[in-house]
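[1] need a 3D model of the sequence below.
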Amino acid sequence: MKRICIIYTGGTIGMERGENGYEPGKEPFSNIMARISDFSSPELPEYDVIEFSPLLDSSDVTVSEWNLIGRTIRDNMDKYDGFVVLHGTDTMAYTASALSFILRNLPKPVIITGSQIPLCEIRSDGKDNILASMMIAASGKVFEVCIFFAGKLLRGNRAIKMSADSLIAFDSPNYPKLADAGIGIRYRDNVLMKKSEAPFKMQEFVEEPIGVIKIFPGIRIDLFEPIITQKLRGVVLETFGAGNVPNYCTELSGIIKKAYEHGNIVVVCSQCPTGTVSLGHYAASSPLKKAGAVSGKNMTTEAAVAKLYYLLSCGYPKDKIEELMEKDLCGELDE
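    Purely as a prediction, here's the structure:
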């Protein structure tokens, strides 16, 4: 009999209504599951529940919580056949991206899921999300960090939250689904990560100062200069299209160059859900390339942020970080 570990961190799936809106429930999550007969089905793997304290709305999740989830999985790796992480949806894609770098060469599945409607309420999508995630975690077919939601299994560091109120809340615009859960669970072996021959290891993140700046028409980029050049070690710049910035924003290249000379890493991502950054393809992106920015290619912003944390935490020199930002390390981009 397969045995999996369910790690409950908080989020909508276990919330209840309070005076100020939904908030983490006071009852142990294992008790809620015990009242739902489906979770006692002989078709499911056996499971244990580890419940974090305090439980968090995912808006409050930080690097510290990413490390805690990583350590919990590492410390229990030999006891279970797979792991299901229950998490709020707002920052689920960030956590999935972070864990894909924290947990290197995974020998077992780590499936992150949650719900848009609390498990205790009618029409909750939580039950089906948990049941399918448990079966995938025990399948022995997955060797990476994934998000399962609304019948779709997605690579964690390719996923983004697409909707605040639809039950189909996540997608991975630049990478195919890993599996579909209908009457059965159909895996796409050609896009799943293969089991690594390298030993499993964990790399905790250091809380480095990292920022995200979104370019918009009329932006006064000079207002961000002290932050970009002096207060941050890494910046994800969300640009238009394939990496373009306004021609009138002439001071941007100077700021990027100054940041580069200070040892900061500037990664260019696109605001478009699909496609890739190609610095220098248009004249409007050439100043960034000349100033020392690196291409995030078709990484999501969530993955770029997590990757910056990872590479900075590894202690690599600046030139090595710039090189690796454009290399695929765990399925996060297409080279």
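[2] can you give me the strands in the stretch 201-335 of the chain?
    201-202, 210-214, 234-239, 265-270, 294-295 (DSSP state E, counting those that start in this stretch).
[3] make TSV out of the ones you listed and add mean neighbour count, mean pLDDT and distance to residue 23.
    Placement of C-beta: from N, CA and C, glycine included. Listed next are the strands of the stretch 201-335 of the chain as TSV, based on neighbours: other Cβ atoms under 10 Å; pLDDT from 0 to 100; distance: least, Cβ to Cβ, whole Å:
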stretch	mean neighbour count	mean pLDDT	distance to residue 23
strand 201-202	13	97	31
strand 210-214	17	94	28
strand 234-239	24	94	31
strand 265-270	25	95	33
strand 294-295	22	94	41
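[4] how about the ones you listed, which one is nearest residue 154?
    For the strands of the stretch 201-335 of the chain, proximity to residue 154 was assessed by Cβ to Cβ; strand 265-270 is nearest, at 18.4 Å.
[5] tell me the strands beside that closest one, with direction?
    When pairing is defined by DSSP bridges, strand 265-270 lines up against strand 234-239 (parallel), strand 294-295 (parallel).
[6] could the strands of the stretch 201-335 of the chain go into JSON lines alongside distance to residue 183?
    Below are the strands of the stretch 201-335 of the chain laid out as JSON lines (distance: least, Cβ to Cβ, whole Å):
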{"stretch": "strand 201-202", "distance to residue 183": "37"}
{"stretch": "strand 210-214", "distance to residue 183": "41"}
{"stretch": "strand 234-239", "distance to residue 183": "40"}
{"stretch": "strand 265-270", "distance to residue 183": "37"}
{"stretch": "strand 294-295", "distance to residue 183": "42"}
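[7] for those strands, which one sits closest to residue 185?
    Among those, strand 201-202 sits nearest to residue 185 (Cβ to Cβ), with 28.1 Å.
[8] what sits up against that closest one?
    70-71, 74, 102-105 (Cβ atoms under 8 Å, 6 or more residues apart in numbering).
[9] change it to 7 Å
    Here strand 201-202 makes contact (Cβ atoms under 7 Å, 6 or more residues apart in numbering) with 70, 74, 102-105.
[10] just stretch 27-39 next, same as before
    Against stretch 27-39 from outside (Cβ under 7 Å, 6+ apart): 8, 14, 49, 51, 119-120, 127, 131.
[11] same thing with stretch 217-230?
    Contacts for stretch 217-230 (Cβ under 7 Å, 6+ apart): 211, 213, 235, 249, 251-252, 255, 258-259, 262, 264.
[12] from the contacts of stretch 27-39, which two are the most distant?
    By the measure Cβ to Cβ, 51 and 131 form the most distant pair in these, at 18.8 Å.
[13] which of these two has more residues huddled nearby?
    residue 131 (18 against 15; other Cβ atoms under 10 Å).
[14] just to revisit the earlier point, tell me the one of the contacts of stretch 217-230 nearest residue 43?
    Nearest to residue 43 among those, counting by Cβ to Cβ, is residue 211 at 46.8 Å.
[15] quick revisit: dump the strands paired with strand 265-270 to CSV, plus distance to residue 323.
    Below are those laid out as CSV (distance: least, Cβ to Cβ, whole Å):
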stretch, distance to residue 323
strand 234-239, 15
strand 294-295, 8
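[16] can you pull out the low-pLDDT segments for the chain?
    248-249, 284 (pLDDT under 70).
[17] name every strand pairing with the strand ranked longest in it and say which way it goes.
    Using DSSP state E, we find that the single longest strand of the chain is strand 46-56. Looking at strand 46-56 with DSSP bridges, its partner strands are strand 3-10 (parallel).
[18] in the strand it pairs with, what counts as buried?
    Buried positions in strand 3-10, judged by neighbour count with 16 or more other Cβ atoms under 10 Å: 4-10.
[19] now that strand - C-alpha only, CSV.
    Presented in CSV, the C-alpha positions along strand 3-10 are these (Å, rounded to 0.1, in the frame of the first residue of the first chain):
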residue,chain,number,x,y,z
ARG,A,3,1.5,6.1,1.7
ILE,A,4,1.6,9.8,1.1
CYS,A,5,2.1,12.9,3.2
ILE,A,6,-0.4,15.8,3.1
ILE,A,7,1.1,19.1,4.2
TYR,A,8,-1.5,21.6,5.1
THR,A,9,-0.2,25.2,5.0
GLY,A,10,-3.4,27.1,5.0
